[in-house]
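Participant: Coordinates for the following, if possible.
(chains A, B, C, D, E and F)
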Protein chains: 4
Amino acid sequence: MIKIVTGDARPIFKQIVDGIRMQIMTGQLQVGSKLPSVRGLSMQLTVNTNTVAKAYSELLSNGLVESRKGLGLFVIQPKQILSDQERQQRLEKAVEALIHETIGLSFSHDDILQMVKLKFTDLPDGNTD
Amino acid sequence: MIKIVTGDARPIFKQIVDGIRMQIMTGQLQVGSKLPSVRGLSMQLTVNTNTVAKAYSELLSNGLVESRKGLGLFVIQPKQILSDQERQQRLEKAVEALIHETIGLSFSHDDILQMVKLKFTDLPDGNTD
Amino acid sequence: MIKIVTGDARPIFKQIVDGIRMQIMTGQLQVGSKLPSVRGLSMQLTVNTNTVAKAYSELLSNGLVESRKGLGLFVIQPKQILSDQERQQRLEKAVEALIHETIGLSFSHDDILQMVKLKFTDLPDGNTD
Amino acid sequence: MIKIVTGDARPIFKQIVDGIRMQIMTGQLQVGSKLPSVRGLSMQLTVNTNTVAKAYSELLSNGLVESRKGLGLFVIQPKQILSDQERQQRLEKAVEALIHETIGLSFSHDDILQMVKLKFTDLPDGNTD
DNA sequence: GTGGTCTAGACCACG
DNA sequence: GTGGTCTAGACCACT
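Facilitator: A predicted model of the protein is given here:
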């Protein structure tokens, strides 16, 4: 179940994208299963239909789902779209963003590392190939 | 030396804030030293003066610098302006943002942790009181 | 209703901040309610939109409102953003400012205290947690 | 002895004005005594001579000192320059400023009142006529 | 010279 | 429609 948080830094459509991606990672949405309809999900989350549509188009262009005309969107076997170099760069950017956000908070490196470990423990490991 | 990157996700004024904050943390700007003037820095970065002024006002409200009227902004002994609760919340948000950005890149938790460690090793430890 | 006074010592954006803060404290703006739009308020006060935007960004960083993208700013349950030490320091500064302004007016301490009591009686008490 | 505080909200010339006014109120500077020279005081406080000159001109126009040509500035018997109405208005303004500064700090009225009492106890009472 | 405030007008992402 | 950012250019108080 996706939760929309009003105080979140991410825009709503991004929260939806991340939420569905998470459901795919954790197996709650398996390959071949159908996403809720745009209208259905927008009502469930009480957000604008345009917002859900935008999220879905993002999932499409990310290659996580495919559109079957007249039937809806379906989760597909994820293609590795990004190059290793691109993935590496994104990881670096993300960690640098973490630095930017935390540098003024006067936490020790260890404080931050512990928090990273803590928050990641509940998540499935990405590299299970 | 601060570099403004137009392709950066951060707005320009935030890049300036982060750049100066970094210079303060790394000791390039010591307590008591004067920041470059608004007009001077804006010319150097070829950015509008208002943009620099906005960055400076952020540093001011963060308690990293103080304004001496008619003279400029000066680095001060950093004050603990935020409550512990607020600091903790911001740390959590920042780490959650890292998760959102890295999920789907199929990195293992260990990959990510190693990158965090790597990027942080060059920085001075925040909690050196 | 906020009134902008051109002869006021406070800059316009501060008058807006104080005005809205007052409306929040007195319950005229309840938690969950929406602030007037930047453009709307700027027209009503015949002030530039940037000025209102600056006031709103201050309220945002004070933790009194949150931004819901595309919808506007909404009053939230106030957070304790500042450390106790910082709050205490600001209180002291504010009282010292009162002293500086009233010294030389040859009021007795009691005159001043009575005025403080009088002006505060109409306001809700801050510490009602 | 006047102390210039760089982090003070008041501009330096105002700190000097207030400092001298305080010395007059507490009797450290008696009627008939001479103020330090502009150059002397500016060196002692390590501030610009223009700044001291500005402070002195303020004291002159406030009727607290008079200029004896070629000799310097001397403290005089204070004339009541302000009308009662004007004094009352200034007191109100000052208290309202206190409200504006403290309203977001979530102190109880009593906290604030206690701080006012505390800070005033060290000062001589204005209304000793 | 310094920062601080304000206006006017523009563009962007989000819903 | 919403807020957020940026530019250009102006005026002010302070040193």
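
Participant: quick one: which helix or strand includes A:Leu73?
Facilitator: Taking DSSP states H and E as the definition, one finds A:Leu73 inside strand A:72-75.

Participant: Quick check: next helix or strand after that strand?
Facilitator: On the C-terminal side of strand A:72-75, the closest following helix or strand by DSSP H and E is helix A:84-102.

Participant: now that following helix and helix B:84-102, what's the angle there?
Facilitator: Regarding helix A:84-102 and helix B:84-102, their directions subtend 170 degrees when assessed with axes from the mean of the first three to the mean of the last three Cα atoms, to 10 degrees.

Participant: does helix A:84-102 come close to chain B?
Facilitator: Yes - for helix A:84-102 and chain B, the contact criterion (Cβ under 8 Å from any Cβ of the partner chain) is met by A:87, A:90-102. The way it works is simple: take the backbone N, C-alpha and C, and place the C-beta from them, glycine included.

Participant: which among those residues end up buried?
Facilitator: For the residues of helix A:84-102 next to chain B, a burial check counting by 16 or more other Cβ atoms under 10 Å in any protein chain shown picks out A:87, A:90-91, A:94-95, A:97-102.

Participant: got TSV for those residues, with distance to chain C and pLDDT too?
Facilitator: Written out in TSV, the entries for those read as follows (distance: Cβ to the nearest Cβ, whole Å; pLDDT from 0 to 100):
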residue	distance to chain C	pLDDT
A:Arg87	28	91
A:Arg90	23	93
A:Leu91	26	96
A:Ala94	21	96
A:Val95	25	97
A:Ala97	19	96
A:Leu98	21	97
A:Ile99	21	96
A:His100	17	95
A:Glu101	15	95
A:Thr102	17	95
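
Participant: Show me the two of those residues that sit farthest apart.
Facilitator: Distance extremes for these: the farthest pair is A:Arg87 and A:Thr102 at 22.9 Å, using Cβ to Cβ.

Participant: Please list all residues in contact with A:Arg90.
Facilitator: A:82, B:101-102, B:105 (Cβ atoms under 8 Å, 6 or more residues apart in numbering or on different chains).

Participant: mind redoing it with 10 Å?
Facilitator: By Cβ atoms under 10 Å, 6 or more residues apart in numbering or on different chains, the contact list for A:Arg90 reads A:82, B:101-102, B:104-105, B:107.

Participant: which one of these sits closest to chain D?
Facilitator: When the contacts of A:Arg90 are compared for distance to chain D (Cβ to the nearest Cβ), B:Glu101 comes out closest, at 33.5 Å.

Participant: Quick check: chain neighbours aside, which residue is closest to that closest one?
Facilitator: The spatial neighbour of B:Glu101 that comes closest, neighbours along the chain excluded (Cβ to Cβ, 6 or more residues apart in numbering or on different chains), is A:Ala94 at 3.8 Å.

Participant: Can you give me the neighbour number for A:Tyr56?
Facilitator: Neighbouring residues of A:Tyr56 were enumerated by other Cβ atoms under 10 Å in any protein chain shown; the total is 23.

Participant: check which helix or strand covers it.
Facilitator: With DSSP H and E as the criterion, A:Tyr56 is inside helix A:49-61.
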